[in-house]
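A.B. asks: Pasting the sequence and the predicted model now:
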Amino acid sequence: MSLRQFEYLVTVVDEGSFTRAAELLHVTQPALSHQIRALEKAVGTPLLDRLPRTVRLTPAGRAWLPFARQALADAERALTAARRAGGLECGELHVATVYSLSLGVLPPVLREWRARHPDVRIRLFEHRHADELREAMAEGQADVAIGPEPANWPGFAHTLGVEEFVVVVPADSELRSPVDLRVFADEGWVHYAPGNGLADLVDAVCRERGFQPWARVRTEQTATAPVLAAAGLGPALVPRNVLPEAFDGVVLHVDPPVRRSLVAYCHKEPDPLTRAFIALLGEAGCEL
């Protein structure tokens, strides 16, 4: 078995197609099929069901996949570590996060990182939900994750700060801070689409206040929610850090406050470069 075979099969699974995987990997489809058959022969059992329009993992393939992803991630980190230790171009730092933080927290940090470490590339992995982020990190996707505190994380974790959520309403609203969310109990909300982690957060917070928000409109994009709220489509609960400096709507603090802890977490003690990135996040205070 080879890492290249692992990469081939993981790509076929992710793309759901031999044709698309071959195009992405820049190999011919017969060569790709041959390598995957060789891998299945080495394993001793089929890993894929070949269906007329797609492919899917067999039970053996589902058991195999997390280890393959981990092996590929470990190999890439080994290469990066060797480059760092050898004083080469320092390789690439992999950072995983949730969409709201890639929008509000990370841009100024990445700008400063580029100024300090111009030869270190950043690869950013973005996830819709904190649970999805934790699962990806458990499979070894990145050097470090930036997100809500993961439950029962077995590795390294460093607290960055507390993220505050605010309510956005139109500029002509007469409401003033602080506001109790129950004043919006009978209104239609600008809500997040199912699968977005903020949808679960909004529902949980409102449930604690004794009501279930009903959605007048749902959006996939965190950045769209405050824009729609400012346009008068309903209140939106948003992370304060995603709001631009120039904003047309009214921003209301919530009483009692809505907050969540943010952490940087890794599989193990971070290497010097990853630790430097975490330290920079601390210096910036995450702009929470």
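C.D. replies: Everything's here; your move. Numbering: from 1, shown residues only.

A.B. asks: quick one, helices of the stretch 101-250 of the chain?
C.D. replies: 106-116, 130-138, 197-208, 224-230 (DSSP state H, counting those that start in this stretch).

A.B. asks: got CSV for those helices, with mean neighbour count too?
C.D. replies: C-beta here means a position set from N, CA and C on the backbone, and glycine is covered the same way. CSV is the format used below for these (neighbours: other CB atoms under 10 Å):
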stretch, mean neighbour count
helix 106-116, 14
helix 130-138, 19
helix 197-208, 17
helix 224-230, 22
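
A.B. asks: do you know which of the ones you listed lies nearest Leu47?
C.D. replies: Nearest to Leu47 among the helices of the stretch 101-250 of the chain is helix 130-138; the distance by CB to CB comes to 20.5 Å.

A.B. asks: Give the rounded mean pLDDT of the closest one.
C.D. replies: Averaging pLDDT along helix 130-138 yields 92.

A.B. asks: Okay, Thr222 and Leu228: tell me how far apart.
C.D. replies: According to CB to CB, to the nearest Å, Thr222 and Leu228 sit 11 Å apart.

A.B. asks: for the protein, longest strand please?
C.D. replies: Criterion DSSP state E: the longest strand present in the chain is strand 156-169.

A.B. asks: relative to helix 197-208, how tilted is that one?
C.D. replies: If you take axes from the mean of the first three to the mean of the last three CA atoms, to 10 degrees, strand 156-169 sits at 70 degrees to helix 197-208.

A.B. asks: May I have strand 156-169 exported as PDB, CA atoms only?
C.D. replies: Taking Å, rounded to 0.1, in the frame of the first residue of the first chain, the C-alpha atoms of strand 156-169 are listed here in PDB:
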ATOM      1  CA  PHE A 156      -4.000  20.400  23.500                       C
ATOM      2  CA  ALA A 157      -6.400  23.300  24.000                       C
ATOM      3  CA  HIS A 158      -5.800  27.000  24.700                       C
ATOM      4  CA  THR A 159      -8.500  29.500  25.600                       C
ATOM      5  CA  LEU A 160      -8.500  32.500  23.400                       C
ATOM      6  CA  GLY A 161     -11.400  34.600  24.700                       C
ATOM      7  CA  VAL A 162     -15.100  34.900  24.900                       C
ATOM      8  CA  GLU A 163     -17.200  35.700  21.700                       C
ATOM      9  CA  GLU A 164     -20.200  38.000  22.300                       C
ATOM     10  CA  PHE A 165     -23.400  37.900  20.300                       C
ATOM     11  CA  VAL A 166     -25.500  40.900  19.600                       C
ATOM     12  CA  VAL A 167     -28.900  41.600  18.000                       C
ATOM     13  CA  VAL A 168     -29.200  43.500  14.800                       C
ATOM     14  CA  VAL A 169     -32.400  45.500  14.000                       C
END
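
A.B. asks: other SSEs contacting it?
C.D. replies: helix 224-230, strand 236-239, strand 250-252, strand 258-266, helix 272-284 (3 or more CB pairs under 8 Å, 6 or more residues apart in numbering; DSSP states H and E).

A.B. asks: Okay then, goodbye and thanks.
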